[in-house]
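J.: Everything below, folded, please.
(one chain, ligands or ions: 1)
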Amino acid sequence: MNDDDELDVLCVACDSEGRVPQATAAVLGGVAQTVVWGRGCRWCKGTGRRAGLHPPV
Ligand SMILES: [Zn+2]
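T.: Here you go, the predicted structure:
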């Protein structure tokens, strides 16, 4: 069972990393490259955890 009442839930959006790998195409010196950088997770605000799936009442 996995109720939504569970507290201290690991963020599935960033796999509890607190940031999401973001691939961006960049052209450096006329050569196209793919730059991967960590972007702050907007779901857990970088904490890697979410306190439940529903907002507090
Ligand atoms: Zn997250």
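J.: who in the protein is up against the ion?
T.: Applying CB under 5 Å from the ion, we find that the chain lies next to the ion at 11, 13-14, 41, 43-44. All C-beta spots, glycine's among them, are computed from the backbone N, C-alpha and C.
J.: What subset of those is buried?
T.: 11, 14, 41, 44 (16 or more other CB atoms under 10 Å).
J.: tell me the SS of the last one?
T.: In the three-state summary, residue 44 is assigned as coil, counting by DSSP: H, G, I helix; E, B strand; the rest coil.
J.: How about the contacts made by it?
T.: Neighbouring residues of residue 44 by CB atoms under 8 Å, 6 or more residues apart in numbering: 11, 13-14, 18, 50.
J.: Can you pull out the low-pLDDT segments for this structure?
T.: Applying pLDDT under 70 to the chain picks out residues 1-7, 52-57.
J.: Could you report the neighbour count for residue 10?
T.: 13 (other CB atoms under 10 Å).
J.: heads up, I number from 760, so please use that
T.: Sounds good: first residue 760 from here, last item residue 769.
J.: For the helix or strand hosting residue 780, name the packing helices and strands.
T.: Take DSSP states H and E as the rule and residue 780 turns out to sit in strand 778-787. Here strand 778-787 touches strand 790-799, going by 3 or more CB pairs under 8 Å, 6 or more residues apart in numbering; DSSP states H and E.
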